[in-house]
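In: sequence-free structure coming up:
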């Protein structure tokens, strides 16, 4: 008897709020700004300026990471600051089951690679599109690279993955939680608003799954 065909070839995940959770509901940018800049109001103001078109995404990243660099942040400091970030309950079990079924897993997120690597050192993802931090030999921040694949760019990342894995957008599923996931949720063949409080995302997604346990998405892929 033939095994049932997978409905999708690739499952693309957001990270902050989806795969990676903080006890206070913060994303990694807020955690690091709190630690190295000490003013949570900056997060709201820079977000406002970005949404108003006053600064670009790359300029927003420069403002945040440049502030951490000027504060003397090191890799060890960053890892200590993000110690409360943890994988979503059931994440490791979910990845194992999905991979056993033959799904390919990828990340397309506005998170920072150091956080993803810290929380998921086993790295179950075949492709990762995130912001990137570079560290010098003494551990200080030596550079950074803003991802071009957030917001509308998430769709371009999916298109690149479609080419890499020789599949189609219709055979891609997406799992995310926030406003920046809306474009890719619309473009993917199937999308889940997971652990989300974003009304716009929940309105466009094909399914809404309450968090925080990631195993809640499995019935859409394993049945």
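Out: The structure has been received and is ready for your questions. Model, not experiment: these values are computed from the prediction.
In: what about the chain, any weak spots by pLDDT?
Out: Of all residues in the chain, those with pLDDT under 70 make up the ranges 1-5, 223.
In: hmm, try it at 80
Out: Judged by pLDDT under 80, the chain has its weakly predicted residues at 1-5, 39-40, 223.
In: domain assignment for it?
Out: 10-22+85-222, 28-81 (automatic domain parsing).
In: any idea how far the first one is from the chain center?
Out: Right, the one you point to is domain 10-22+85-222. The gap between the average C-alpha position of domain 10-22+85-222 and the chain average comes to 5 Å, counting by C-alpha atoms, centre = their mean, to the nearest Å.
In: helices or strands up against the longest helix belonging to the chain?
Out: Of all the segments assigned as helix in the chain under DSSP state H, the longest by residue count is helix 57-70. Other helices and strands packing on helix 57-70, by 3 or more C-beta pairs under 8 Å, 6 or more residues apart in numbering; DSSP states H and E, are helix 28-36, helix 41-51, strand 141-145. (Each C-beta comes from the backbone N, C-alpha and C, glycine too.)
In: return the set of buried residues in the helix or strand following it.
Out: The element immediately downstream of helix 57-70 (helix or strand, assigned by DSSP states H and E) is helix 75-81. When neighbours are counted by 16 or more other C-beta atoms under 10 Å, the buried residues of helix 75-81 are found to be 75, 77-78, 81.
In: in the helix or strand hosting residue 154, what counts as buried?
Out: Residue 154 is part of helix 153-164 when elements are defined by DSSP H and E. Of the residues in helix 153-164, those with enough neighbours to count as buried (16+ other C-beta under 10 Å) are 153-158, 161-162.
In: equivalent analysis for stretch 96-114, please.
Out: In stretch 96-114, the ones that count as buried by 16+ other C-beta under 10 Å are 98, 103-114.
In: what's the farthest-apart pair in these?
Out: Looking at the buried residues of stretch 96-114 by C-beta to C-beta, the two members farthest from one another are 103 and 114, with 25.8 Å of separation.
In: and the closest residue to residue 197 other than its chain neighbours, how many neighbours does it have?
Out: With sequence-adjacent residues excluded and distances taken as C-beta to C-beta, 6 or more residues apart in numbering, residue 197 is closest to residue 177, at 7.7 Å. Counted with other C-beta atoms under 10 Å, residues neighbouring residue 177 total 24.
In: try the one 4 residues further on
Out: Using other C-beta under 10 Å, residue 181 has 34 neighbouring residues.
In: then the one 3 residues further on?
Out: Applying the criterion other C-beta under 10 Å, we find 26 residues in the vicinity of residue 184.
In: so how far is residue 120 from it?
Out: Spatial separation of residue 184 from residue 120 under the definition C-beta to C-beta, to the nearest Å is 20 Å.
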